[in-house]
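Enquirer: A structural model of the following input is requested.
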Amino acid sequence: MDLDQIDWIKNKKEEDRSVILDVRTEEEYNFGHIKKSILIDIKKPDSFMKAILKLKKNNSYYVYCRSGVRSEMACNLMKANGFLKTYNLVGGFLKWKGEIETI
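Expert: Numbers count the residues shown, from 1 in each chain. From the prediction side, this is the model:
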């Protein structure tokens, strides 16, 4: 499901078991990322699939990338593999107005 930042944050706060996934590259992640996000680079398909298949399918996943395109693909792949609650951040990190961390 596609959500804007306001609904993405609101829904995440209401979830007991939610995880933020950053599906950008390591370089993009190191430049700046949403606090407490986990990096799983979708541009590395084999490691991406291995990593998501290790995740708990009953959690809620809040997924973002730079603009929203890769995260939408990630949500679709996750849904195809049995994940019920995946939420794509519309506009991605480019539109993010919240706190960020850098490495």
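Enquirer: Can you get me the start-to-end distance on stretch 88-103?
Expert: End-to-end distance of stretch 88-103 (C-alpha to C-alpha, to the nearest Å): 24 Å.
Enquirer: tell me the contacts of residue 34?
Expert: 20, 22, 64, 93, 96, 98-101 (C-beta atoms under 8 Å, 6 or more residues apart in numbering). All C-beta spots, glycine's among them, are computed from the backbone N, C-alpha and C.
Enquirer: Show me which of those residues are buried.
Expert: 20, 22, 64, 93, 96 (16 or more other C-beta atoms under 10 Å).
Enquirer: In JSON lines: those residues, plus distance to residue 83.
Expert: Output for those, formatted as JSON lines (distance: C-beta to C-beta, whole Å):
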{"residue": "20", "distance to residue 83": "14"}
{"residue": "22", "distance to residue 83": "16"}
{"residue": "64", "distance to residue 83": "16"}
{"residue": "93", "distance to residue 83": "21"}
{"residue": "96", "distance to residue 83": "23"}
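Enquirer: Just the residues you listed: which are in strands?
Expert: Judged by DSSP state E, the buried ones among the contacts of residue 34 include 20, 22, 64 as members of strands.
Enquirer: pLDDT at the last one, what is it?
Expert: Residue-level confidence at residue 64 comes out at 98, pLDDT.
Enquirer: Got the phi and psi for the residue nearest to it when sequence neighbours are not counted?
Expert: In space, and not counting its chain neighbours, residue 64 is closest to residue 89: 3.8 Å by C-beta to C-beta, 6 or more residues apart in numbering. Residue 89 adopts backbone torsions of phi -80, psi 110, taken as degrees, to the nearest 10.
Enquirer: which residues does residue 89 form a beta bridge with?
Expert: residue 3 (DSSP bridges).
Enquirer: separation between it and residue 42?
Expert: Using C-beta to C-beta, to the nearest Å, one gets 14 Å for the distance from residue 89 to residue 42.
Enquirer: quick one, longest helix in the chain?
Expert: Ordering each helix of the chain by length in residues (DSSP state H) puts helix 69-80 first.
Enquirer: Now it: buried residues?
Expert: 70-75, 77-78.
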